[in-house]
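Chemist: pasting the sequence and the predicted coordinates here, then a few questions.
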Amino acid sequence: GMQFLKAGFGFLALLFGLNAFSAGLGFLLHELAHKFVAQRYHAWAEFRSDDRMLLVMLAASVFGFIFAAPGAVFIHGAIDYRRNGHISLAGPLINIILAVAGLAVSQIPSLGVIGLLAWATAKINAWLALFNLLPFGPLDGRKVLAWNRFVWAGAGLVSLALVFLTGFALPAMSALADGV
C-alpha cells in the first residue's frame, strides 16, 4: 500500500517536472520567435514578464493545461498586416515544430525519461499552438487571420491534428516499463 503511494507520488512529481520544463521551453521559444521575426523587420521588440501568471501556468501544466501566459513580447514599429501576420505566426509555428519533434521522439522505444519528456513536449506544445491560434483578443490567431485566412486555417488544422494525435499517442510503452 504505502510503497505504491510513494511510487505514485514520485511518478507524479516526475510528470510535474517534465510538464513544467516542456511548458517553459515552449513558452520561451514561442516568445523568442516573435521577437526575432519582429527584429528582422526592424521593429522594436521587448519581452515583459508577469511572474504571477508564470506560477498559474506551471500549476496548470501538471494537469496538461496551458491557459496563462507568463508574459509577452511587445512590438513597436512600422508593421503592416503581412509582417504582423509573420511575426504572430512565428510563435505557434515553433510550438508546432516542437510538438512534431516531441511526438516523433516519444515513439522511439527504450528512451525512458527522455521519451516521457518528448511526449510532454509534444502534448504541451500542440496545445500552446492551438490556443495561441484562436482568433480572439491579443492572441496570435487574430493577427494571423487578419493577414491570411488560409495560413491561419492551415496552422490551426495542423495544431488541432497534433492535439488529437498527442491525446491518443502515448510514449513508447518501454519508457514506462524501463523503471521510469
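Modeler: All right, it came through fine.

Chemist: centre-most residue in the chain?
Modeler: Using C-alpha atoms, centre = their mean, the residue of the chain that lies closest to the mean C-alpha position is residue 125, 2.6 Å off.

Chemist: so what's it up against?
Modeler: Contacts of residue 125 were listed using C-beta atoms under 8 Å, 6 or more residues apart in numbering, and they are 22, 26, 95-96, 98-99, 102, 162. Heads up, the C-betas are built off the backbone N, CA and C, glycines and all.

Chemist: which of the residues you listed fall within helices?
Modeler: Per DSSP state H, helices hold the following members of these: 22, 26, 95-96, 98-99, 102, 162.

Chemist: turn these into a markdown table, including neighbour count and distance to residue 140.
Modeler: Rendered in a markdown table, the data for the ones in helices among the contacts of residue 125 read as follows (neighbours: other C-beta atoms under 10 Å; distance: C-beta to C-beta, whole Å):
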| residue | neighbour count | distance to residue 140 |
| --- | --- | --- |
| 22 | 25 | 19 |
| 26 | 26 | 13 |
| 95 | 30 | 10 |
| 96 | 22 | 12 |
| 98 | 24 | 15 |
| 99 | 28 | 15 |
| 102 | 27 | 20 |
| 162 | 25 | 16 |
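
Chemist: from these, pick the one nearest residue 155.
Modeler: Minimum separation from residue 155 among these (C-beta to C-beta) is found for residue 96, which lies at 7.0 Å.

Chemist: any idea how far that closest one lies from residue 114?
Modeler: The span separating residue 96 from residue 114 equals 21 Å under the rule C-beta to C-beta, to the nearest Å.

Chemist: and residue 17, by the same measure?
Modeler: The spacing between residue 17 and residue 114, counted by C-beta to C-beta, is 13 Å.

Chemist: quick one: residue 77 and residue 46 touch, right?
Modeler: No: under the criterion of C-beta atoms under 8 Å, residue 77 makes no contact with residue 46, lying 11.6 Å away.

Chemist: so which of the contacts of residue 125 sits lowest on pLDDT?
Modeler: By predicted confidence, the contacts of residue 125 are weakest at residue 22, whose pLDDT stands at 91.

Chemist: contacting residues for it?
Modeler: Taking C-beta under 8 Å, 6+ apart as the criterion, residue 22 is in contact with 61, 102, 117, 120-121, 123-125.
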